[in-house]
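> build me a model:
(2 chains)
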Amino acid sequence: MKKFLAVVKHEYKKIVFKWTFLLGTLLLPLLAVVFSIVPMILFTIKGEPTKIVVVDRDGKVAKRLRENLTAEKLAEKSAQAAKDAQFEISRSQNDQLQQNAKNAASGFVFVDYFPGSKTDEQIREELRALAVDKQIDAYLLVPADDKAQFEFVSRKGGDFIAGSIIDDALNDAIRSERLAKANIDEKTLTAINQKVKLTKKSIDDEGREKDSDMLLAASFVIGMMIYITLAIYGQMILGAVVEEKETRIAEILFSSATPFELMLGKLAGVGLAGLTQLGIWVSSVAALVAFVAVQSDLSPFLAGMPTVTPVMILLFLIYFLLGYFAFASLFALIGSVVTTVQEGGQFSFPVIMTMLVGFYFSFAVIRDPNSSLSFWVSIAPFFAPMTMPVRILAATPPWWEIVLSVGINALAIVFLVWVASRVYRIGMLMYGKRATIPEIWRWFRQA
Amino acid sequence: MSEEKASLVVDSVTKRFDDFTAVDGLNFEVRPGRVFGFLGPNGAGKTTTIRMIVGITAPDSGEIRLFGEKVGPNVQDRIGYLPEERGLYKKMKVVDQLRYFAALKGVTGSDADRRIDRWLERMNLAEWKSKKTTDLSKGMQQKIQFISTVLHEPDLLILDEPFSGLDPVNVEFMIDVLSEFRQNEKTVIFSTHLMETAERLCHDIILINKSKKVVGGSLREVKESYGKNVIALRGSGFGEILNDASLVAKRTEHADEIEVELTDGADGQALLKRLVAAGANVTKFEQVEPSLNDIFIERIGEANLPESERNEISETIK
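Down below sits the predicted model:
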């Protein structure tokens, strides 16, 4: 036991007392924030306005298009979209919306152009020459028949935001024009098109209501966190085992403690490091949510969140550990039979795939937590650690299923650790070449 | 050697890997306060035997007892093992590695730190304490490795090719440390295929080849049993005595001395007495012993050694 603890301490310190751990712990959430915020910022950056010519002999579509591209119209449209999606817009969100509309509107400058009696071909040539001359950036050809091909040509072909704004505004303009022709009042149509207010909620066996969309999001986040942590720390186990084999440290270790103590100590030490990191992330997210909740009223948002009880948290922890030990023992086994980390990477591909399949199964579980598929995958070793937490969140299954699942997975771990430690004790002392499957099988029987 | 005195007893130990028998019915005993040479060519079964002694693997049959106890995890803390294939954690500080290896042998806390400081000081490595392995030279790494072997003050020290990669100064230094261990009544097993070093350091030896014991015992006994009763002579006035066929089987004249091989049962002392009685002027009279190298080559034969091995041996002969 004393040696086991020495191994645990060694492995834990090796990972946690290193600046890379601090960096990784800070960097991952930072990356997540950056990835979600940077695109939003980039989209709001105002570029040079697009100088655009609209060629419309009739003039009606062009007029409506110009109207639709004013700040007021754009803001109105966004507000309507939010209303359709049943979002209550706060004052600050409204300000933001107005600002965005203003930015979008100022992104276009209309340049007058009189086609006269020129043919389309002549017009194209002239406008193209203007574009090459950089006097205009884009032109839009509106055909006489609104079912014919419209043409939008731009020097900034990659500006998909401007493109989509034009697209929307043009469609609206054409629609308004058609409505006018059909003598239908636009307001009437909007009223007719008003979407129904449908709230999606799920109900668990005890009759508690949960918001389906929030559930999906929460399940995704949980599944993702488990998957990432397992993958990262599994690879760490692999690396640590290969290092001890490669440098022949294993020989010294095995002359000091039993392979079982060494392997289990390694799994436990690295696992604790993983829990430390996960703990930092979870508690900082919790602190952030609490902080934001105090700053602004989030109660409507939080009300939709699935309720998480302390028992659930305990179960999540148990399943995390079950998953960790199942996959980590496989990584340790792989590390002991290969000769380099690169080789280990190839070998661990099936293991990573198994993890991914488990992660995908969790979506099937969200869709129908009470199906027989959900039952089996939340009991099966390797899959249960990913799917059961999601199932518990979605619709907590009867307690006997949880007990069965934990029991089966715990037994599976005992078996896996036993198999892995047998292969480990022989594999770690076999140098030179990667083992074949029959060799691994022989080691297993020999040990 | 009686079992009471022996600290390590290897008792008819056999180890097989599938069809291959790595160690076959091996018997030997090691006594405290002496350096035991575990000799043999590569692939003879040395490493397999050592791994069984340190409890990494178990014998298929037979038994190994250390201080009267069957070897296994229970006696591992009393053994210090320096394997032939050595390694340290690449990106870890010297002091952290030593702390870990000490902890694995049950030495922790300030006790471990004190010993680490003392040994680093002794090995002239004190200023490297906080450096990483990758910053050290090969010789330094070797010394760190040695420290990790002795930190827990083992009663049995097993060194597999301990001098490979060390410069002569450090070899002498290590030999000093070894004799200190021996003087403290510790048991030292020293495995090598370099006969010259073995001859210099070992009190007892065992020579194994192809998984079996070839010869074993104290260095003196082994040499005597292989001595062909050859005497090197220098002087004058030997007369006809050296031509006595009942005493001398063969006579070889060298530039400045004569080598005579005595007949079976003949006594060197008798020859000396006769020479002195005859009034010969004897300036050198030496019983010539075979070197370990000679014995190694005679018993194992150059023929069955791989090319690299042969070169090494002929190197030592020169």
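
> who in chain B is up against chain A?
Taking CB under 8 Å from any CB of the partner chain as the contact definition, chain B meets chain A at B:17-18, B:51, B:54-56, B:73, B:76-77, B:79, B:81, B:83, B:85-90, B:92, B:96, B:100-101, B:103-106, B:108, B:148. Quick note: C-beta positions are derived from backbone N, CA and C, even for glycine.

> helices - which of those residues land there?
Residues of these located in helices (DSSP state H): B:51, B:96, B:100, B:101, B:103, B:104, B:148.

> list the contacts of whatever residue of the stretch 151-300 of chain A ends up closest to chain B.
With CB to the nearest CB, the shortest gap between the stretch 151-300 of chain A and chain B falls at residue A:247, namely 3.2 Å. Residues near residue A:247 by CB atoms under 8 Å, 6 or more residues apart in numbering or on different chains: B:87, B:88, B:89, B:90.

> nearest to chain A among those?
For the contacts of residue A:247, the nearest to chain A is residue B:87 (3.2 Å; CB to the nearest CB).

> I'd say the closest one and residue A:249 touch.
Yes. The criterion here is CB atoms under 8 Å, and residue B:87 meets it with residue A:249 at 4.5 Å.

> what about these two, which has more around it?
residue A:249 (22 against 19; other CB atoms under 10 Å in any protein chain shown).

> what's the local residue count around residue A:62?
Neighbour tally, residue A:62, other CB under 10 Å: 19.

> likewise for residue A:337?
25.

> distance of the residue lying farthest from the centre of chain A relative to chain B?
Farthest-out residue of chain A from its mean C-alpha position, per CA atoms, centre = their mean: residue A:117, at 54.9 Å. Taking CB to the nearest CB, to the nearest Å as the measure, residue A:117 and chain B are separated by 80 Å.

> wait, is that residue part of a strand?
No. Residue A:117 sits outside any strand when classified using DSSP: H, G, I helix; E, B strand; the rest coil, being coil.

> correct me if wrong, but residue A:351 is in a helix.
Yes. Under three-state DSSP, residue A:351 sits within a helix.

> follow-up on the earlier one: identify the farthest-apart pair in the ones in helices among the residues of chain B next to chain A.
The distance between the two most remote of these (CB to CB) is 26.5 Å, for B:51 and B:96.

> and whatever helix or strand residue A:127 lives in, how far from the chain's centre?
Assigned by DSSP states H and E, residue A:127 belongs to helix A:120-132. From the chain centre to the centre of helix A:120-132 is a distance of 45 Å (CA atoms, centre = their mean, to the nearest Å).

> mind giving me the packing neighbours of that helix?
strand A:50-55, strand A:138-141, strand A:151-154 (3 or more CB pairs under 8 Å, 6 or more residues apart in numbering or on different chains; DSSP states H and E).

> make JSON lines out of those and add mean neighbour count.
JSON lines is the format used below for these (neighbours: other CB atoms under 10 Å in any protein chain shown):
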{"stretch": "strand A:50-55", "mean neighbour count": "21"}
{"stretch": "strand A:138-141", "mean neighbour count": "22"}
{"stretch": "strand A:151-154", "mean neighbour count": "16"}
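
> in space, what's closest to residue B:56 - neighbours in sequence excluded?
Excluding its sequence neighbours, the residue lying closest to residue B:56 (CB to CB, 6 or more residues apart in numbering or on different chains) is residue A:254, at 4.5 Å.

> contacting residues around the one you found?
A:262, A:425, A:428, A:429, B:54, B:55, B:56.

> which one of the residues you listed sits closest to residue A:56?
Checking the contacts of residue A:254 one by one against residue A:56 (CB to CB), the nearest turns out to be residue A:428, at 77.9 Å.

> wait, isn't that closest one in contact with residue A:244?
Yes. Taking contacts as CB under 8 Å, residue A:428 lies within contact range of residue A:244: 6.9 Å.

> now do the shared contacts for these two.
residue A:250.

> hang on, the earlier thing: what sits up against the helix holding residue A:127?
Contacts for helix A:120-132 (CB under 8 Å, 6+ apart): A:53, A:55, A:113, A:115, A:118, A:136, A:137, A:138, A:139, A:141, A:153, A:155.

> and which of those is nearest to residue B:277?
Among the contacts of helix A:120-132, and counting by CB to CB, the member closest to residue B:277 is residue A:155, at 123.7 Å.

> name the nearest residue to the closest one, ignoring sequence neighbours.
residue A:137 (5.0 Å).

> where do the helices of the stretch 251-400 of chain A begin and end?
Taking DSSP state H, counting those that start in this stretch as the criterion, the stretch 251-400 of chain A carries its helices at A:259-295, A:299-303, A:310-337, A:341-347, A:349-367, A:372-377, A:384-395, A:399-427.

> for the ones in helices among the residues of chain B next to chain A, which one is nearest residue B:174?
residue B:148 (14.2 Å).

> output the set of residues of chain A in proximity to chain B.
A:2-3, A:6-7, A:9-10, A:13-14, A:243-244, A:246-249, A:251-258, A:429, A:431, A:442, A:446.

> write the PyMOL selection for whichever of the residues you listed are buried.
The PyMOL selection below is limited to those of the residues of chain A next to chain B classed as buried (16 or more other CB atoms under 10 Å in any protein chain shown):
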select buried, chain A and resi 3+6+7+9+10+13+14+243+244+246+247+248+249+251+252+253+254+255+256+257+258+429
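
> perfect, I'm done here.
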